[in-house]
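Q: got a sequence here, can you build the structure:
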Amino acid sequence: MAEVQQEPDQSGIKFGPFWLVPGVSRVNACTFFVCSFTFVTLVTFINFVQPYILEEILHIPVEQQGTVTGYLNFLHEGTALIIMGVVGAISDRSGRRMLLITGFLIWAVGFMLFPTAASLTELYFYRLIFAVGVATASVMVIATMQDFPQEVSRGKWGGLNSFITSFAILTVSLILARLPGNFEGMGYPPEQAARYTYWLGAFIAILAAVIFRFGFFKGRIIQDQDVETRKSPIAGFIAGLRAANDSPRLALSYASAFAARGDIVVIGAFYSLWFVRAGAEQGVDPGQAIIAAGQSLGALLLANWLWAPVFGIIVDRINRVVALCIAMTLATIGYYMIGTVSDPYDMPVMLAATFVLGIGEISAIVAGNALLGQEAPAKIRGASVGVFGLVGTTGILFATFFGGRVFDSFGPGAPFTMMAGVNAIIVLIAILIILSGRSKP
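A: Take a look at the predicted model:
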């Protein structure tokens with residue numbers, strides 16, 4: 001199923017193993033990787049430290065924390081669902097940079113307010129502010145990831161990006177996740193520890209916005225103002241939806257986002273909460289439970305580091321529908337394995353399952369984004385990414401809404417088993433496209 005390799009456009013710049021599209025500089029490329037790293041750091045940080053807010057600040061009963069976490073994420077992603085498609089279409093006309101900066105600044109406001117919540121109602125409202133900033137930034141990050149590399153380098157570009165963002169998870173697990181406990185150790189009460197932790201997140205978001213202002217690509221990659229780019233944002237978004245009718249491979253990439261984004265949020269929302277829940281039963285302090293969760297995630301990071309660059313090379317060498325089928329199969333295996341773990345503090349078992357989970361998770365991300373970039377029409381790429389994000393957000397809504405319920409009803413491993421089933425469905429869809437002969441671009 002190998003594909004004929006395209007020749008690079010020599011008018012673009014060679015940046016390490018990558019060919020960049022004409023007009024994109026090495027500074028732009030480096031700034032993108034800083035952007036992607038920061039984005040994943042802050043997204044992971046929100047969900048990873050959130051159990052501390054529920055446990056120590058609002059004192060939510062342990063048996064209700066899974067459902068409350070599900071509600072918070074459902075509210076967040078429901079808001080994102082409304083705005084992502086339109087934001088993507090707007091960026092096709094205006095460029096990505098200003099919307100990216102705006103998203104991070106809104107995000108900073110959310111970080112300032114979130115730890116000041118005195119009730120669940122306030123916490124829900126402040127999560128809405130997060131949602132607007134995160135959704136805006138998310139579409140811009142994914143769109144730019146498709147904008148910058150030439151087709152011949154798309155898989156390797158995504159593989160390196162996943163490798164780099166794995167260090168973002170390490171940053172959260174080894175540094176940011178420890179901050180509440182460290183502040184408490186310095187004598188601050190839990191309320192102040194939470195505020196200082198989240199306010200540091202606000203500082204990071206503002207600093208990132210300043211970096212993007214000076215280092216990010218200005219303007220639009222596709223410069224000719226044809227009928228597609230002159231459309232209204234809503235019409236552009238609809239064009240992104242209709243593009244899937246012409247390409248079952250683009251439709252498959254959209255569908256893969258449902259599973260892959262749901263996978264990510266299950267890890268972010270329920271992995272550390274699993275440790276907090278099990279820790280409460282075993283007499284482990286919530287702050288120490290979050291640290292243990294971060295240490296366990298080291299296995300996922302190791303899988304990302306070892307596998308993401310390798311799989312990126314594979315994606316550039318084989319049919320990308322086949323690559324996605326392989327990726328989703330690995331994800332199915334990984335999520336099923338971790339769903340069978342009975343005690344997260346049984347570290348040998350948890351580390352092995354998390355390692356396999358990491359291979360599947362990163363494979364789905366690399367393959368799905370490469371297929372999206374291959375199939376999305378360049379002039380409405382932002383709109384296509386908006387649809388991709390919208391479908392992904394639907395997957396997140398599904399994972400958080402039902403994940404919280406199965407977490408409380410069937411046990412902490414249930415959300416992972418549920419996502420194994422979702423990934424298996426994408427595998428079946430990919431197989432059908434391959435068997436129908438429509439897998440070639």
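Q: list the buried residues in stretch 281-299.
A: Residues 284, 286-287, 289-294, 296-299 are the ones in stretch 281-299 that count as buried (16 or more other CB atoms under 10 Å). Quick note: C-beta positions are derived from backbone N, CA and C, even for glycine.
Q: by pLDDT, give me the weakest of the residues you listed.
A: When those are compared on pLDDT, Gly287 comes out lowest, with 71.
Q: distance of it from Ala80?
A: In this structure, Gly287 lies at 29 Å from Ala80, with CB to CB, to the nearest Å as the measure.
Q: what of Asp346?
A: Applying CB to CB, one obtains 36 Å for the distance of Asp346 from Ala80.
Q: list the contacts of the residue nearest to Thr417 when sequence neighbours are not counted.
A: Closest residue to Thr417 in three dimensions, ignoring its sequence neighbours and counting by CB to CB, 6 or more residues apart in numbering: Gly339, at 3.3 Å. In this structure, Gly339 makes contact with 413-418, 420, judged by CB atoms under 8 Å, 6 or more residues apart in numbering.
Q: pLDDT value on Gly339, please?
A: Looking at Gly339 specifically, the model assigns a pLDDT of 88.
Q: mind listing the strands for this protein?
A: Ranges of strands within the chain are 14-15, 18-19, based on DSSP state E.
Q: what is the last one packed up against?
A: Put plainly, it is strand 18-19. Under the contact criterion of 3 or more CB pairs under 8 Å, 6 or more residues apart in numbering; DSSP states H and E, the helices and strands touching strand 18-19 comprise helix 154-174.
Q: got the buried residues for the helix it packs on?
A: Of the residues in helix 154-174, 154-166, 168-173 count as buried by neighbour count, 16+ other CB under 10 Å.
Q: any weak-confidence spans in this structure?
A: Counting by pLDDT under 70, the low-confidence segments of the chain come to 1-6, 219-233, 236-237, 240.
Q: phi, psi of the residue lying farthest from the centre of it?
A: Taking CA atoms, centre = their mean, the residue of the chain most remote from its mean C-alpha position is Gly187, at 34.7 Å. Dihedral pair for Gly187: phi 100, psi 0, per degrees, to the nearest 10.
Q: now do it against Asp316, distance only.
A: Distance of Gly187 to Asp316, computed by CB to CB: 53 Å.
Q: could you do Leu432 as well?
A: Separation of Leu432 from Asp316 (CB to CB): 24 Å.
Q: between these two, which one's more packed in?
A: The residue with more neighbours, out of Leu432 and Asp316, is Asp316; 23 against 13, by other CB atoms under 10 Å.
Q: wait, what's in contact with that one?
A: Residues near Asp316 by CB under 8 Å, 6+ apart: 5, 152-156, 370.
Q: again, only using 6 Å
A: 155-156 (CB atoms under 6 Å, 6 or more residues apart in numbering).
Q: likewise for Phe311?
A: Contacts of Phe311 were listed using CB under 6 Å, 6+ apart, and they are 159, 363, 366.
Q: do Pro441 as well
A: Contacts here follow CB under 6 Å, 6+ apart; on that basis Pro441 touches Gln374.
Q: switch the cut-off to 10 Å
A: If a contact means CB atoms under 10 Å, 6 or more residues apart in numbering, then Pro441 has 3, 151, 247, 249-250, 319-321, 371, 374-375 as its contacts.
Q: hmm, which two among those are most spread apart?
A: Of all pairs drawn from the contacts of Pro441, the widest gap by CB to CB lies between Glu3 and Leu250 and measures 16.5 Å.
Q: my guess is Glu117 contacts Gln50, does it?
A: Residue 117: Ala, not Glu. No. Checked against CB atoms under 10 Å, the pair Ala117 and Gln50 is beyond contact range at 11.1 Å.
Q: what sits in contact with each of these two?
A: 123, 127.
Q: quick revisit: and which of the contacts of Phe311 is nearest to Ala239?
A: When those are compared against Ala239 (criterion: CB to CB), the nearest one is Val366, at 26.3 Å.
Q: how many residues are close by the closest one?
A: When neighbours are counted by other CB under 10 Å, Val366 registers 32.
Q: cool, and Arg405?
A: Taking other CB under 10 Å as the criterion, the count of residues near Arg405 is 16.
Q: distance of it from Pro149?
A: Arg405 sits 40 Å away from Pro149, going by CB to CB.
Q: list the contacts of Val40.
A: Contacts here follow CB under 10 Å, 6+ apart; on that basis Val40 touches 141, 161-162, 164-169, 171-172, 264.
Q: nothing else from me, thank you.
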